[in-house]
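Student: fold the following, please.
(one chain, ligands or ions: 2)
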Amino acid sequence: MSGIVVFDHPLIKHKITLLRDCSTGTRDFRILIEEIATLMGYEALRDLPLEMTEIKTPIESTKAPVLSGKTIAVIPILRAGLGMVKGLLTLVPTAKIGHIGMYRDPDTCLPREYYCKLPENIEERTCIILDPMLATGGSASAAVSLLKSKGVTSIKFMSILAAPEGLAALIKNHPDIEIYCGHLDKKLNEDKYIVPGLGDAGDRIFGTI
Ligand code: PRP
Ligand code: URA
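Tutor: Residues are numbered from 1 along each chain as shown. Ligands and ions are numbered 1, 2, ... in the order given. Next up is the predicted model:
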């Protein structure tokens, strides 16, 4: 069964409002995407396994917890997911990074894969897919399918905004993954953009509007 977290934290709400505002420029938009990714990532990594290790403090020897188990791969969906990478690396600086290139076909809105480069032993890692926008859910579902086809079993997906249609599609296609959404918006419009949304995330991050 998938776990779904829709965030209810005032800091995330505040920052998403700034992100949506069309007067927010490229520089601030990038900073906000990164900050929100860090705040969401803190929660998404809550279940990381720990093991006890022996250490010596200046006072005594003691057993204390350290991270153990599968190593993490952060996998942005290009382009817009790139904006969230540093936010996650703030929390897990040693994470490996994979890239999945996908764009929505302008006519059909279906995802087209154009690039994939993943870290070694990807099937042994917990993979965190990053994309600020979950609209129809086509890109997210295709990215999860791609990772599963490589043998990955531990998958988390993080989006800053989600449309109900996209969230439902992702749950239906992949009921076994963990999904983290910063906010659940109203709906998709006739162009399959999220409403009220924030516009085209890639264009706003990279200043290509
Ligand atoms: C956007 C977004 C997602 C996708 C979401 O990317 O970053 O990847 O659309 O839409 P979906 O849920 O309907 O698949 P886009 O295709 O615009 O590419 P870009 O990031 O390169 O601009
Ligand atoms: N991609 C975006 O960048 N924004 C949307 O609202 C939908 C897809």
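Student: what is the burial count for M158?
Tutor: Using other Cβ atoms under 10 Å, M158 has 29 other residues around it. From N, CA and C alone the C-beta is placed, and that goes for glycine too.
Student: hang on, it is in a strand, isn't it?
Tutor: Yes. If the criterion is DSSP: H, G, I helix; E, B strand; the rest coil, then M158 is within a strand.
Student: and it, what does it touch?
Tutor: A37, M40, G41, A44, M84, I128, I129, L130, D131, Y180, C181 (Cβ atoms under 8 Å, 6 or more residues apart in numbering).
Student: SS state for the residue in the chain positioned nearest to ligand 1?
Tutor: Closest residue of the chain to ligand 1, Cβ to the nearest ligand atom: G202 (2.6 Å). Following three-state DSSP, G202 is assigned to helix.
Student: in the longest helix along the chain, what's buried?
Tutor: Secondary structure of the chain per DSSP state H: the longest helix is helix 26-44. Residues of helix 26-44 classed as buried: 29-37, 39-41, 44 (neighbour count, 16 or more other Cβ atoms under 10 Å).
Student: before we move on, what about stretch 44-59?
Tutor: So for stretch 44-59, counting by 16+ other Cβ under 10 Å, buried means A44, L45.
Student: what pLDDT, on average, does it get?
Tutor: Per-region confidence: stretch 44-59 scores 96 on mean pLDDT.
Student: distance between that stretch and the chain's centre?
Tutor: 25 Å (Cα atoms, centre = their mean, to the nearest Å).
Student: what sits up against it?
Tutor: 5, 61-70, 72, 91-92, 126, 128, 156, 158, 178, 180.
Student: which of those fall within helices?
Tutor: Among the contacts of stretch 44-59, none falls in helices (DSSP H).
Student: out of the residues you listed, which are buried?
Tutor: Among the contacts of stretch 44-59, those scoring as buried are V5, K70, I72, L91, V92, T126, I128, K156, M158, E178, Y180 (criterion: 16+ other Cβ under 10 Å).
Student: looks like the fourth one contacts E43 (just checking).
Tutor: No. With contact defined as Cβ atoms under 8 Å, L91 does not count as touching E43 (10.5 Å).
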